[in-house]
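> what shape does this take:
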Amino acid sequence: MPLTPRTERALEACYDAILAPSRWSTALQLLAESLGGVSCTFYEHDRDSPASLPISTEHEAFNDLWARNQAHAPDPHVGPYLERCNVFIRAGYGSAIEHQFSTEEERRTLPYLKETARPEKREWLALAYFSVEGGDWCLPIYRGEDRGPFTPTDARRLTKVGPSLAKIVCLARKFAAFDAASKLSVLERVNSAAVVMDATGRVTQMNLPAQNLLGADFNLVRGRPAAHDPASNCRLQQLVSSALHTAPGGAQCYAPVVVDRDEAPWLLVEAMPITAFGSDLFSSGRLILLLTDLRSPLRPGSWRLCAAFGLTAAEAKLAARLASGLGIDAAAASLGVSRETARSQLKGAFAKTNTRRQAELAGLLARLRPSES
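The predicted model follows:
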């Protein structure tokens, strides 16, 4: 059974979406409809922390309800039925339909059907199975009771589309990996240290400038970035947690944190969800941490501090020297003022920048570049 022209056009749209991720939802909707469904998505079996995967335009409301109801009305297709689905995969099937892994009694009584599938008219499911780089994937397609259950003919169509889906997902994953690697490379060329983290908070990629910042005060612990100083580590973990729990597409600016280091300048850590660079679809990367070694060449100019925070000239000069890593005594000496005067100016700088510690002030001010005495 050859693919229909409509399905061929939908697959072409999926290929286009690899390079233009904003088109994924429309392309998948075309695919679902060409195969007799009303919505669809992708699913990767046996993965603890799946990448962010696209869904079709008409699947969004159902997906939201599904997520809200999972705790009390779990989807059996990812629970009790999953092993039944895996039987078809191991047997080499290219597709399966609802009748093959659920009974009439189950379809009549399960809370999932009553509270999630039926309200959204998604009672019937069909799956196209395919393999990508040794991993088992499927394309779940849904439709409602008004359209009736999927048939063996529908299943044969899904089997035919599997090889094309495998090529599409393989290319999408490779492009996503290349995209993340290229971003790290670009950041490396401008000497910007960066690491890519997945949805679990583990580092998946790290460029050379970032590797050079690892040491006793800042390193990876079980694959996750951690600071030796307890207060610094608390700030770091809060930043990572907040950024990782941003909803896809909801990238926002996060206040940077400072990691105190004993034998080196403070380390400024900024978080940028992958979505701020581009699409994270099909990528295990979820978050980029930008690391800045707060050395003197990066200290902000005095005039920038005055303009940005309303600091006096004396407060700005002191803050600029503190941002370079100098202590209060050394900064006071370099400016030719007493320690008491410097401390008074520092209090003024704290109040105007809404900071409370020298490290916090340094981290905030170091974002204003380039250097100027």
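
> drop to CA atoms for contacts and neighbour counts, all remaining ones
OK.

> list phi and psi for the nearest residue to Asp260 once chain neighbours are set aside.
Excluding the flanking residues, the one nearest Asp260 by C-alpha to C-alpha, 6 or more residues apart in numbering is Trp266, at 5.1 Å. Phi and psi for Trp266, reported as degrees, to the nearest 10, are phi -60, psi 160.

> for Arg143, what are phi and psi?
Torsion angles, degrees, to the nearest 10, at Arg143: phi -160, psi 170.

> I should have written Asn207 there, sorry.
According to degrees, to the nearest 10, Asn207 has phi -80, psi 170.

> just the pLDDT at it, thanks.
Note for Asn207: predicted pLDDT of 88.

> how about it, what does it touch?
Taking C-alpha atoms under 8 Å, 6 or more residues apart in numbering, we find Asn207 in contact with 184-185, 188, 193-195.

> Throw these into TSV and include neighbour count, secondary structure and distance to Asp293, thanks.
Shown next, in TSV, are those (neighbours: other C-alpha atoms under 10 Å; DSSP: H, G, I helix; E, B strand; the rest coil; distance: C-alpha to C-alpha, whole Å):
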residue	neighbour count	secondary structure	distance to Asp293
Leu184	23	helix	17
Ser185	18	helix	18
Glu188	17	helix	14
Ala193	24	strand	9
Ala194	26	strand	12
Val195	24	strand	14
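
> only C-alpha atoms, please: export stretch 165-179 in PDB.
This file holds the C-alpha atoms of stretch 165-179, laid out as PDB (Å, rounded to 0.1, in the frame of the first residue of the first chain):
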ATOM      1  CA  LEU A 165       9.400   8.900  10.400                       C
ATOM      2  CA  ALA A 166      12.700   7.200  11.400                       C
ATOM      3  CA  LYS A 167      14.600   9.300   8.900                       C
ATOM      4  CA  ILE A 168      12.900  12.500  10.000                       C
ATOM      5  CA  VAL A 169      13.500  11.900  13.800                       C
ATOM      6  CA  CYS A 170      17.100  10.900  13.100                       C
ATOM      7  CA  LEU A 171      17.800  14.100  11.200                       C
ATOM      8  CA  ALA A 172      16.000  16.200  13.700                       C
ATOM      9  CA  ARG A 173      18.100  14.800  16.600                       C
ATOM     10  CA  LYS A 174      21.300  15.200  14.700                       C
ATOM     11  CA  PHE A 175      20.400  18.800  13.800                       C
ATOM     12  CA  ALA A 176      19.500  19.600  17.400                       C
ATOM     13  CA  ALA A 177      22.900  18.100  18.600                       C
ATOM     14  CA  PHE A 178      24.800  20.000  16.000                       C
ATOM     15  CA  ASP A 179      22.900  23.200  16.900                       C
END
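
> can you list the buried residues in that stretch?
Applying a neighbour-count criterion of 16 or more other C-alpha atoms under 10 Å, one finds 165-166, 168-173, 175-177, 179 buried in stretch 165-179.

> do stretch 116-127 as well
116-117, 120-127.

> just the helices in the stretch 51-200 of the chain please.
Taking DSSP state H, counting those that start in this stretch, the helices of the stretch 51-200 of the chain run over residues 60-69, 82-90, 104-109, 111-112, 152-189.

> over to the stretch 201-350 of the chain?
Using DSSP H, counting those that start in this stretch, helices in the stretch 201-350 of the chain cover 208-211, 230-244, 302-309, 313-323, 328-335, 339-353.

> need the winner for burial among those helices.
helix 313-323 (a mean of 24; mean count of other C-alpha atoms under 10 Å).

> quick one: list the elements packing against it.
Using 3 or more C-alpha pairs under 8 Å, 6 or more residues apart in numbering; DSSP states H and E, the elements in contact with helix 313-323 are helix 302-309, helix 328-335, helix 339-353, helix 358-365.

> between those helices, which gets the lowest average pLDDT?
helix 302-309 - the lowest mean pLDDT of these, at a mean of 61.

> quick one: least confident helix or strand in this structure?
When each helix and strand of the chain is scored by mean pLDDT, DSSP states H and E, helix 302-309 comes last, with a mean of 61.

> so, low pLDDT: which residues of the stretch 51-200 of the chain?
Within the stretch 51-200 of the chain, the segments meeting pLDDT under 70 span 51-52, 79-82, 84, 179-180, 183, 186, 189-190.

> one more time with 90
51-53, 74-93, 99-109, 132-136, 170-200 (pLDDT under 90).

> among the helices of the stretch 201-350 of the chain, which is nearest Leu289?
helix 230-244 (8.4 Å; C-alpha to C-alpha).
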